[in-house]
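Q: One predicted model, sequence on top.
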Amino acid sequence: MGAVGFSNLCLAGYIACVVVLNLIAYLISAFYRRKFGLPVLQAGFLVAICSFILFEVVLAASGSPQARGLLPVAAVIVGSAASAFNALRLYSVMNKARK
């Protein structure tokens, strides 16, 4: 395994961890929606998960970093923005539920 293969493996592992964290946040938001009836956005977590999975697929399909193109960069940006926005939104809803 060369340096590019190892870096792709590390990147894939990192993105897989981000997908798992988004899945946990999605489950937390589903709990707050069901238990307390609070308006929690869940679609953003699904968008983030799907875009990160798209990045994983493109990463696995392309052997070299030069062959990736613009699609994985856009997928990571969209996934990061959706994840950050919904995480902040979930945090504010969780603070309102405690008060």
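A: Structure's in. What do you need?
Q: Tell me the helix or strand right after the longest helix seen in the chain.
A: When the chain is parsed with DSSP state H, its longest helix is helix 3-36. Per DSSP states H and E, helix 3-36 leads on to helix 43-61 as the next helix or strand towards the C-terminus.
Q: which residues make contact with that next one from outside it?
A: Contact with helix 43-61 is made by 8, 11-12, 15-16, 18-19, 22-23, 25-26, 29, 68, 71-72, 75-76, 78-80, 82-83, 85-86, 89, as judged by C-beta atoms under 8 Å, 6 or more residues apart in numbering. C-beta coordinates here come from the backbone N, C-alpha and C atoms, glycine included.
Q: Pull out the buried residues from those.
A: By neighbour count, with 16 or more other C-beta atoms under 10 Å, those hold 8, 15, 18-19, 22, 25-26, 29, 72, 75-76, 78-79, 82-83, 86 as buried.
Q: biggest separation within those, which pair?
A: Spanning the widest gap among the buried ones among the contacts of helix 43-61 are Asn8 and Ser29, at 31.2 Å by C-beta to C-beta.
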